[in-house]
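Visitor: here is a sequence together with a model predicted from it:
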There are 2 protein chains.
Amino acid sequence: MTLSTPATAPTDERALPASRDHSRAQLRARLVQSAITQFATHGFEGASTRAIAEGAGAHQPQINYHFDNKENLWRAALEQLLSELDDLLSEPSQASDVAMETTIRVLVTFGSRRPELNQILIHEGANPGPRLAWLVDTHLRTRSQQLRSAWEHAVAAGIAADVPSDLVYHTVLGASALVYANAPEARLLFATDPTDPDQVQAHADAMVRLFLPGITQRNQQ
Amino acid sequence: MTLSTPATAPTDERALPASRDHSRAQLRARLVQSAITQFATHGFEGASTRAIAEGAGAHQPQINYHFDNKENLWRAALEQLLSELDDLLSEPSQASDVAMETTIRVLVTFGSRRPELNQILIHEGANPGPRLAWLVDTHLRTRSQQLRSAWEHAVAAGIAADVPSDLVYHTVLGASALVYANAPEARLLFATDPTDPDQVQAHADAMVRLFLPGITQRNQQ
DNA sequence: GTCTATAATTAGATAGAC
DNA sequence: GTCTATCTAATTATAGAC
């Protein structure tokens, strides 16, 4: 990073003039959002930095200026998506007997609104390499273990179906998110759009019935 | 196709000398297999024809000679994978009350042995375009409708769980195949390998219990 | 049918004027 | 910080000798 700010200028980015900071943050946010779209539909190798920049109304070298390289932009895209998921998952403390149901419903609804996260995760999960290692070590291991322990509590409470805890992560995620990650395919296969709110609600209800047969259904139509 | 065979030569490829036909078919098979691997791990745009040729012990222009272009090779790869799946699915006529169970078990076991099919399908299912349209029109629509009608029979027989038939395709496939499509991720997340035969058997059993709670479990451990 | 050479295009990243 | 121009390397596809 070679910055040409005067020696007397504040070294902390937060102290920069508000307008400058605003536009800088805005451009970075637009680049991240465009990167999310491109990485989700074409994969890391298939997405071009030129197309990402064009989608953000910027020029291609600005990606290197603001993110150094393509992989750093990819990491920023994933941390944006994961923070959006966390905003929904980290609700205030819940009674443990409904924690698993809430988790399933959040996975379905977030998957329908932000299919890009699962599209990218599924793409990277097929390919051993440094990006997958970073994903697992930095973000996925903790989450999968939280899901596993929540599942084991639900099994002990007689709520959950008989699915081995090693398989819960991929079976619940696959059953809850694949139809949205592959929404373009689903729209060609079926007459209905899976992201219609009614369809999403029916899907969430079906997933709760399927994976948590031991609880009383409250939100059913 | 510009063939320089003499005018008296047979026009049917099957009448060519056995050895020549053999090596030609062998090379094509090696290119298709290498393409399957590369498309599955890197996606269509991310896979390079040079890497595919190298994996088959061939030179890059031989792909254009034998398949004309990259997209034709991709289609050949998918038809190879789908024919392998059909070899398992089109078993002799089954009693309808076990047809759905057999289908689920085949999806799990084939997904574990040939993760490439689902990896490619999931990659393409996220991206509207001519490849997805070809996949849906030529192969996927028929299969998804067969699964839907088998599911509706199982529901009518009181065997199947309460999952809307529009969602069966993606929920069953997601729950049954994602752990294998993302086996590299699963190996980093958990201590066990999901493709171990014991794990696959446990997974198939769990999927049958989950989606077909109304049948008597015979193959359970 | 195979192989070398290469054409035509595109990729990510950098230099330097402004 | 932005923008034009460009570098190096990699891409798919083709030409032509063998």
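Guide: Alright, I've got the coordinates.

Visitor: continuing past the helix or strand of chain A with the lowest mean pLDDT, what's the next helix or strand?
Guide: Lowest mean confidence among the helices and strands of chain A (mean pLDDT, DSSP states H and E): helix A:18-46, at a mean of 90. With elements assigned by DSSP states H and E, the helix or strand that comes after helix A:18-46 is helix A:49-55.

Visitor: wouldn't residue A:44 be in contact with residue A:129 here?
Guide: No. Using C-beta atoms under 8 Å, residue A:44 makes no contact with residue A:129, being 9.4 Å away. Using the backbone N, CA and C atoms, a C-beta is placed for each residue, glycine as well.

Visitor: looking at those two, which one has more neighbours?
Guide: A side-by-side neighbour count of residue A:44 and residue A:129, using other C-beta atoms under 10 Å in any protein chain shown, places residue A:44 first with 20 against 11.

Visitor: contacts only, for the more buried one.
Guide: Residues near residue A:44 by C-beta atoms under 8 Å, 6 or more residues apart in numbering or on different chains: A:70, A:74, A:123, A:124, A:131, B:46.

Visitor: just the buried residues out of these, in ChimeraX syntax.
Guide: Selection of buried members from the contacts of residue A:44 for ChimeraX, criterion 16 or more other C-beta atoms under 10 Å in any protein chain shown:
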select /A:70,74,123,124,131 /B:46
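
Visitor: between the contacts of residue A:44, which is closest to residue A:154?
Guide: For those, the closest approach to residue A:154 (C-beta to C-beta) belongs to residue A:124, at 28.3 Å.

Visitor: any idea how far the least confident helix or strand of chain A is from the chain center?
Guide: Its chain's C-alpha centre and that of helix A:18-46 lie 15 Å apart, by C-alpha atoms, centre = their mean, to the nearest Å.

Visitor: flag every buried residue along that helix.
Guide: Under the neighbour-count criterion of 16+ other C-beta under 10 Å, helix A:18-46 has A:27-28, A:30-46 buried.

Visitor: same thing with stretch A:135-152?
Guide: Here stretch A:135-152 shows A:135, A:136, A:139, A:140, A:144, A:147, A:148, A:150, A:151 as buried, counting by 16+ other C-beta under 10 Å.

Visitor: again with stretch A:112-125
Guide: Neighbour counts over stretch A:112-125 (16+ other C-beta under 10 Å) mark A:112, A:114-125 as buried.

Visitor: is the helix or strand containing residue A:105 anywhere near chain B?
Guide: Using DSSP H and E, residue A:105 sits in helix A:96-113. No. Helix A:96-113 lies apart from chain B when judged by C-beta under 8 Å from any C-beta of the partner chain; the minimum separation is 10.3 Å.

Visitor: now do the very next helix or strand once past that helix, average pLDDT.
Guide: Note on helix A:96-113: by DSSP H and E, the next helix or strand toward the C-terminus is helix A:115-125. Averaging pLDDT along helix A:115-125 yields 98.

Visitor: what is the orientation angle of helix A:115-125 with helix A:96-113?
Guide: 90 degrees (axes from the mean of the first three to the mean of the last three C-alpha atoms, to 10 degrees).

Visitor: which other helices and strands contact helix A:115-125?
Guide: Under the contact definition 3 or more C-beta pairs under 8 Å, 6 or more residues apart in numbering or on different chains; DSSP states H and E, helix A:115-125 sits against helix A:18-46, helix A:70-89, helix A:96-113, helix A:130-135, helix A:165-181, helix B:165-181, helix B:183-189.

Visitor: to DNA strand D, which of these lies closest?
Guide: Relative to DNA strand D, the nearest member of these by C-beta to the nearest atom of the strand is helix A:18-46, separated by 4.1 Å.

Visitor: quick one: that closest one near DNA strand C?
Guide: No. Using C-beta under 7 Å from any atom of the strand, helix A:18-46 never reaches DNA strand C; the gap is at least 7.8 Å.

Visitor: how about the residues of chain A near DNA strand C?
Guide: Residues of chain A found near DNA strand C (C-beta under 7 Å from any atom of the strand) are A:47-51, A:60-61, A:63-64, A:68-71.

Visitor: I'd like these laid out as JSON lines, including pLDDT and distance to residue A:198.
Guide: Output for these, formatted as JSON lines (pLDDT from 0 to 100; distance: C-beta to C-beta, whole Å):
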{"residue": "A:47", "pLDDT": "98", "distance to residue A:198": "33"}
{"residue": "A:48", "pLDDT": "98", "distance to residue A:198": "37"}
{"residue": "A:49", "pLDDT": "98", "distance to residue A:198": "39"}
{"residue": "A:50", "pLDDT": "98", "distance to residue A:198": "39"}
{"residue": "A:51", "pLDDT": "98", "distance to residue A:198": "34"}
{"residue": "A:60", "pLDDT": "98", "distance to residue A:198": "42"}
{"residue": "A:61", "pLDDT": "98", "distance to residue A:198": "45"}
{"residue": "A:63", "pLDDT": "98", "distance to residue A:198": "39"}
{"residue": "A:64", "pLDDT": "98", "distance to residue A:198": "45"}
{"residue": "A:68", "pLDDT": "98", "distance to residue A:198": "44"}
{"residue": "A:69", "pLDDT": "98", "distance to residue A:198": "43"}
{"residue": "A:70", "pLDDT": "98", "distance to residue A:198": "39"}
{"residue": "A:71", "pLDDT": "98", "distance to residue A:198": "40"}
